[in-house]
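S.K.: output the structure for:
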Amino acid sequence: MIEQILEAGRAAPTACNLDIVRFIVIRDPEKAKMVWSDIPTPMDRCVLIVVCYDKRIYETVGHNRLVLHNQLLDVAAATDHICLMAHALGLGAVWLTRTDKTAKKFRKSYGLQDYIEPVCHIAVGWPAIWPIKSRRMPLKEMMIP
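M.R.: Residues are numbered from 1 along each chain as shown. Sure thing, here's the model as predicted:
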């Protein structure tokens, strides 16, 4: 199931098809402590997927000077696809961001090169209960005339 979920992330659109997105799958609860946020989750019952991007590619083609923000959009698209596939498989998934301090600590602890930028992480697992859907703003109110 994790491979199917990662394939969904890999299939997400990326700017200019540059394929800058990278994934780190963490199954060890101790290693997960390096990235965990303020939302308590029993790590012995889920897998963390850390979504990163490779800075070298944008530097090579010059996008780091023109559309640097696209790196985050590529990660967001992959993260969204991952969450949608997890849900389609009957799993729960929550998309969580990180602080700069957490990213620095994770990069050092995991031995990542400077060109790999961890952006967010997703906890995936079997939910104990199905969450109550929050009421969303009506579409009409979201539309700007």
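
S.K.: so what touches stretch 100-117?
M.R.: With contacts defined as Cβ atoms under 8 Å, 6 or more residues apart in numbering, stretch 100-117 is touched by 22, 24, 31, 34-35, 37, 50, 52-56, 71, 98, 118-119. C-betas here are computed from N, CA, C, even on glycine.

S.K.: would you list the buried entries among those residues?
M.R.: Listed as buried from the contacts of stretch 100-117 are 22, 24, 34-35, 50, 52-55, 71, 98, 118-119; burial here means 16 or more other Cβ atoms under 10 Å.

S.K.: one step back: what's the farthest-apart pair in the contacts of stretch 100-117?
M.R.: 37 and 56 (27.3 Å; Cβ to Cβ).

S.K.: closest to residue 86 among the buried ones among the contacts of stretch 100-117?
M.R.: Nearest to residue 86, judged by Cβ to Cβ, of these is residue 50 at 14.9 Å.

S.K.: quick one: the closest one is in a strand?
M.R.: Yes: judged by DSSP: H, G, I helix; E, B strand; the rest coil, residue 50 forms part of a strand.

S.K.: per-residue pLDDT, it?
M.R.: Per-residue pLDDT puts residue 50 at 94.

S.K.: and for it, nearest residue in space, chain neighbours not counted?
M.R.: Computed as Cβ to Cβ, 6 or more residues apart in numbering, the closest residue to residue 50 that is not its neighbour in sequence is residue 24, at 4.1 Å.

S.K.: going by residue numbers, what spans are helices in the chain?
M.R.: For the chain, the helices defined by DSSP state H occupy 2-10, 29-32, 55-61, 63-66, 70-88, 100-110, 139-142.

S.K.: only alpha carbons, please: show the first one as PDB.
M.R.: So that's helix 2-10. Taking Å, rounded to 0.1, in the frame of the first residue of the first chain, the C-alpha atoms of helix 2-10 are listed here in PDB:
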ATOM      1  CA  ILE A   2       2.800   2.400   0.800                       C
ATOM      2  CA  GLU A   3       4.300   1.800  -2.700                       C
ATOM      3  CA  GLN A   4       0.900   2.600  -4.300                       C
ATOM      4  CA  ILE A   5       0.700   5.800  -2.200                       C
ATOM      5  CA  LEU A   6       4.200   6.800  -3.300                       C
ATOM      6  CA  GLU A   7       3.400   6.100  -6.900                       C
ATOM      7  CA  ALA A   8       0.500   8.500  -6.600                       C
ATOM      8  CA  GLY A   9       2.900  11.100  -5.300                       C
ATOM      9  CA  ARG A  10       5.300  10.400  -8.100                       C
END
